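>>> What shape does this take:
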Amino acid sequence: MRSERQRSRDGARICRRRWAGQGQVVLDVADDGHGFDLSQPASGGAGLGLRAMRDRVAEHGGQLEIDTSPGTGTVVRAAFPGTPR
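Numbers count the residues shown, from 1 in each chain. As a prediction, this is how the structure comes out:
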C-alpha cells in the first residue's frame, strides 16, 4: 500500500492510498473536510461531477464508492479488477 498526505486550502487533511489485493487495484482518496449530503443536488452546478466519475470508472470495469455526510469528511474509493504492474 502506498499512502500520501497533504492539506487542502481550507485546512482539511487529504490522504490518498493505493493498494492491491484479491484481484483488485484500489484507490482511496479521503479527507476530513466538511462532507456533503449525497441525496441533495450539487449547489451551484449541474451535478454531473460524481455521475461522470462513476461512468469513467465503470468504463474500465471498476466500481466507485463514496462515503460522506455533512460534517464527517469524504472517502472516494475506486476499485478496478486486476493486479498492479
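>>> which residues sit in contact with the most centrally placed residue in the chain?
Note on the chain: the residue nearest the mean C-alpha position is V76, at 1.7 Å, using CA atoms, centre = their mean. Listed by CB atoms under 8 Å, 6 or more residues apart in numbering, the contact partners of V76 are D28, V29, A30, M53, L64, E65, I66. Backbone N, C-alpha and C define where each C-beta goes, glycine included.
>>> Who are the packing partners of the helix or strand containing the last one?
Pointing back at I66 there. Per DSSP states H and E: I66 is located in strand 63-68. Where contact means 3 or more CB pairs under 8 Å, 6 or more residues apart in numbering; DSSP states H and E, strand 63-68 is packed against helix 49-59, strand 74-81.
>>> Which of these sits closest to R17?
Among the helices and strands packed on strand 63-68, strand 74-81 comes nearest to R17, with 9.3 Å by CB to CB.
>>> Sheet partners, orientation included, of the closest one?
In the sheet, strand 74-81 lines up against strand 24-31 (antiparallel), strand 63-68 (antiparallel) (DSSP bridges).
>>> got those as TSV, with mean pLDDT, mean neighbour count and distance to D37 columns?
Shown next, in TSV, are those (pLDDT from 0 to 100; neighbours: other CB atoms under 10 Å; distance: least, CB to CB, whole Å):
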stretch	mean pLDDT	mean neighbour count	distance to D37
strand 24-31	87	17	16
strand 63-68	93	15	8
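>>> Cheers, nothing more for now.
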